[in-house]
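Visitor: starting from these lines, generate the structure:
(one chain, ligands or ions: 1)
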Amino acid sequence: MNTPCNAAETHTVFNQPPPLDPYNLFTTDTALREALQQAPVQWAETQLNDYGYLSGHTLFSAGFLANENMPQFHSHDRFGHRMDQVAFHPAYHQLMQTAIEHGLPSSPWQTPQPGAHVARAAMMYLHNQVEAGSCCPLTMTFAAVPAIRHQPDIAAHWLPLITARHYDPANKPWFEKPGVTIGMAMTEKQGGTDVRANTTRARPLGQSGPGQLYALTGHKWFCSAPMSDAFLVLAQTDKGLSCFLLPRWREDGQRNGFYIQRLKDKLGNRSNASSEVEFREAHAWLVGEEGRGVATIIDMVALTRFDCITGSAALMRQAVAQAVHHCSHRQVCGKVLTDHPLIQNVLADLALESEAALAFSLRIAQSLDHPDDEQEQLFCRIATAIGKYWVCKRAPGHINEAQECLGGAGYVEESILPRLYREAPVNSIWEGSGNVQCLDILRAMQRQPDSLEAVFAELEKTAGTDPQLGQYITTLKKDLVNTSNFHYEARRLVEKLAICLQGSLLLQTGNALVADAFLRARLQPEGLAYGTLPTGIPCTQLIERTRPL
Ligand SMILES: Cc1cc2nc3c(=O)[nH]c(=O)nc-3n(C[C@H](O)[C@H](O)[C@H](O)COP(=O)(O)OP(=O)(O)OC[C@H]3O[C@@H](n4cnc5c(N)ncnc54)[C@H](O)[C@@H]3O)c2cc1C
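Guide: Residues are numbered from 1 along each chain as shown. Okay, the predicted model is just below:
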């Protein structure tokens, strides 16, 4: 037994905060619990409580392990056989298994009850806070469902496996597994945004048409989670860009012509493997109509964009929770940090941004829970793009500011903050980066003007309760009448739409303290950095409700 040696001790350690974890991420999140009261999710209370506990205990530490031990690509086995395998640390598998067993990629499809999407979003919000890399395959598996439904014969085989709560990471055919995961590969070297420039070709192996088997030849420049059991991919046929489901193993039990070239060396999102792949006569089924690939896969893209919003909201929540926790225990110049007005202003501002992001995510989830309500679907169509633009863009700066609240400790890998910071930019880049969201909003406004009307109808719900918000909405409406200069002005206008929506949603949540502070701070900002809230904002109360313990 090693006896600690005190002889060399030079000092007593004091004025260091205790670690925040282990803790229950759900029971300690006042904003989340309040926001959930707006949706019919009382049935999910126990599972959220359980997942909040798991997230703050086992998954929290698994997140560190899965990121310290990054996935390794093995092209061949030791005998020289090609195997295209990515090996993950057991902690990654633990994260995946726990999430899948708790229905994170499947619950609203498996049991489409009132509030199902809201409850799932809340579960993702918890998981993302402690490990965001595994959320990539969880999201893609979840989001693939509406796209695959375009092809009922394929869906009949695949959806029961996608929605089964079984994680089987073995490198074997999908039809030998009790559950599967799905990836997505659209981006090619010559263009990610402009998928019409895709050069991957598909030729029918027999008959052509929906549900038929084709052989695909080409490449994808980004293909995340390459150990997924199948991928929704885009490839050109004689009729144009089409959507295919490409399994990693063929129906005859042979490996498909799916070859991993290498793994990307990424800034963050490190537990998750992202790869470059080649298809060499890879077998794949046509999903939906030939030549209508974008129209088919967009149903998947819309949901991955939604999850990016939830993911960014989660990163911000974890960052501000860490910052408030630290500052509540750290003394500087004889006073605990949370008693210093200058840092109160920063923490309260971070808290407001985090709550507004959460409100946005849950409101879109609510609209997903009403697939037959046309107004809700129009709202969802355009609000997803607005939220993807704004919430994802706000996260990196927010997390950096939270890091600063911890001082040097926030820059050190033993804290979770560097990982949150590295993770944050990916949500704004993938699945359509910022400008692409703005252009998508313009497209929606032009092709479905009712979608913008749906946003204004949402804003009208609260326009009368706050005169400043009412005035802001009126001006914004006028600004959006003439879209001739939209390509230049889009970011400014989308930002205003986002802020209006966030203010309105916070008002609807019914917490006047938060809503009033947000509207005062964001409708006429007095500074550009976080921590420039106007005087009179109840900072200590905002910090108090954000405190995780
Ligand atoms: C970690 C990671 C994982 C990924 N995983 C996957 C995956 O699994 N599957 C997959 O298919 N893709 C994946 N991607 C790719 C990602 O979706 C693309 O990188 C993204 O869509 C942007 O495409 P691009 O890189 O080709 O950039 P480009 O399309 O070249 O865009 C560059 C910039 O130009 C802007 N831009 C584009 N068009 C316009 C315009 N008309 N006007 C003004 N500005 C414009 C964009 O907003 C962007 O800022 C991943 C990316 C990352 C970083």
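Visitor: what residues does the stretch 351-500 of the chain have near the ligand?
Guide: Residues of the stretch 351-500 of the chain lying close to the ligand (C-beta under 6 Å from any ligand atom) are 426, 429, 430, 431, 432, 433, 434, 435, 436, 439. In short, each C-beta sits where N, CA and C put it, glycine included.
Visitor: for the lengthiest helix in the chain, buried residues please.
Guide: Criterion DSSP state H: the longest helix present in the chain is helix 293-329. Residues of helix 293-329 classed as buried: 293-294, 296-329 (neighbour count, 16 or more other C-beta atoms under 10 Å).
Visitor: what sits up against the helix or strand just after that helix?
Guide: For helix 293-329, the succeeding helix or strand toward the C-terminus, using DSSP states H and E, is strand 331-332. Applying C-beta atoms under 8 Å, 6 or more residues apart in numbering, the contact partners of strand 331-332 are 15, 337, 340.
Visitor: let's see that with 7 Å instead.
Guide: 15, 340 (C-beta atoms under 7 Å, 6 or more residues apart in numbering).
Visitor: confidence score at residue 191?
Guide: Predicted confidence (pLDDT) for residue 191: 89.
Visitor: just give me the neighbour total for the closest residue to it other than its chain neighbours.
Guide: Of all residues not flanking residue 191 in the chain, residue 197 sits nearest, at 4.0 Å (C-beta to C-beta, 6 or more residues apart in numbering). Using other C-beta atoms under 10 Å, residue 197 has 13 other residues around it.
Visitor: what average pLDDT does the longest helix of the chain get?
Guide: Model confidence over helix 293-329, given as mean pLDDT, is 98.
Visitor: next, see if that helix gets close to the ligand.
Guide: No: shown here: helix 293-329 not in contact with the ligand (C-beta under 6 Å from any ligand atom), separated by at least 9.1 Å.
Visitor: how distant is that helix from the center of its chain?
Guide: In terms of C-alpha atoms, centre = their mean, to the nearest Å, the centre of helix 293-329 is found 4 Å from the chain centre.
Visitor: going forward can the numbers begin at 11, since that is how I track them
Guide: Renumbered: residue one is now 11, and that last one reads helix 303-339.
Visitor: counting by contacts, list what it packs against.
Guide: helix 126-140, helix 145-158, strand 240-247, strand 250-257, helix 351-378, helix 384-415, helix 427-439, helix 549-556 (3 or more C-beta pairs under 7 Å, 6 or more residues apart in numbering; DSSP states H and E).
Visitor: then the first one to PDB, C-alphas only?
Guide: When you say that, I think you mean helix 126-140. Output of helix 126-140 as PDB, limited to C-alpha atoms (Å, rounded to 0.1, in the frame of the first residue of the first chain):
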ATOM      1  CA  ALA A 126     -43.000  12.500 -27.700                       C
ATOM      2  CA  HIS A 127     -40.700  14.800 -29.700                       C
ATOM      3  CA  VAL A 128     -40.400  17.300 -26.800                       C
ATOM      4  CA  ALA A 129     -39.500  14.500 -24.400                       C
ATOM      5  CA  ARG A 130     -36.900  13.100 -26.800                       C
ATOM      6  CA  ALA A 131     -35.500  16.600 -27.400                       C
ATOM      7  CA  ALA A 132     -35.100  16.900 -23.600                       C
ATOM      8  CA  MET A 133     -33.300  13.500 -23.500                       C
ATOM      9  CA  MET A 134     -31.000  14.600 -26.300                       C
ATOM     10  CA  TYR A 135     -30.400  17.900 -24.400                       C
ATOM     11  CA  LEU A 136     -29.200  15.900 -21.400                       C
ATOM     12  CA  HIS A 137     -27.000  13.500 -23.400                       C
ATOM     13  CA  ASN A 138     -25.400  16.300 -25.500                       C
ATOM     14  CA  GLN A 139     -24.300  18.100 -22.400                       C
ATOM     15  CA  VAL A 140     -22.000  15.300 -21.400                       C
END
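Visitor: out of the residues of the stretch 361-510 of the chain next to the ligand, flag the one nearest to residue 475.
Guide: Using C-beta to C-beta, residue 444 comes nearest to residue 475 of those, at 30.8 Å.
Visitor: number of residues surrounding the closest one?
Guide: Residues contacting residue 444 under the criterion other C-beta under 10 Å number 17.
Visitor: please name the residues that touch it.
Guide: Residues in contact with residue 444, defined by C-beta under 7 Å, 6+ apart, are 399, 403, 438.
Visitor: tabulate the residues you listed (TSV), appending neighbour count.
Guide: Shown next, in TSV, are the contacts of residue 444 (neighbours: other C-beta atoms under 10 Å):
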residue	neighbour count
399	28
403	22
438	22
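Visitor: pull the contacting residues for residue 238.
Guide: Contacts for residue 238 (C-beta under 7 Å, 6+ apart) come out as 147, 191, 192, 193.
Visitor: rewinding a little: what angle do the longest helix of the chain and helix 427-439 make?
Guide: 150 degrees (axes from the mean of the first three to the mean of the last three C-alpha atoms, to 10 degrees).
Visitor: measure how helix 303-339 sits relative to helix 126-140, angle-wise.
Guide: 60 degrees.
Visitor: and the next helix or strand past the strand or helix carrying residue 55?
Guide: Element membership of residue 55, judged by DSSP H and E, is helix 55-64. For helix 55-64, the following helix or strand on the C-terminal side (DSSP H and E) is helix 70-78.
Visitor: partners of the helix or strand just after that next one, with directions?
Guide: Scanning forward in sequence from helix 70-78 by DSSP H and E, the next helix or strand is strand 82-86. With DSSP bridges as the test, strand 82-86 is paired with strand 92-97 (antiparallel).
Visitor: quick one: is the partner strand near the ligand?
Guide: No: applying C-beta under 6 Å from any ligand atom, one finds strand 92-97 out of contact with the ligand, separated by at least 13.3 Å.
Visitor: quick one: residues in contact with that strand.
Guide: Contacts of strand 92-97 (C-beta under 7 Å, 6+ apart): 81-87, 181, 236-237, 268-270, 283.
Visitor: dump the residues you listed to TSV, plus distance to residue 390 and pLDDT.
Guide: Putting those into TSV (distance: C-beta to C-beta, whole Å; pLDDT from 0 to 100) gives the following:
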residue	distance to residue 390	pLDDT
81	34	98
82	39	98
83	37	98
84	41	97
85	42	96
86	46	96
87	46	94
181	37	94
236	30	98
237	31	98
268	33	98
269	37	98
270	35	98
283	31	98
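Visitor: the ligand: which of these is nearest?
Guide: Within the contacts of strand 92-97, the smallest distance to the ligand is 8.6 Å, found for residue 236 (C-beta to the nearest ligand atom).
Visitor: which residue is the nearest non-sequential neighbour of the closest one?
Guide: residue 285 is the one closest to residue 236 (C-beta to C-beta, 6+ apart), at 4.2 Å.
Visitor: quick one: residues contacting that neighbour.
Guide: 233, 236, 270, 272, 273, 274.
Visitor: please repeat the previous calculation with a cut-off of 10 Å.
Guide: Applying C-beta atoms under 10 Å, 6 or more residues apart in numbering, we find residue 285 in contact with 81, 83, 94, 96, 193, 195, 230-237, 269-274.
Visitor: among those, name the buried ones.
Guide: Using 16+ other C-beta under 10 Å as the burial test, the contacts of residue 285 include 81, 94, 96, 193, 195, 230-237, 269-271, 273 as buried.
Visitor: the residues you listed in strands, which ones?
Guide: Among the buried ones among the contacts of residue 285, DSSP state E puts 94, 96, 193, 195, 230-234, 269-271, 273 in strands.
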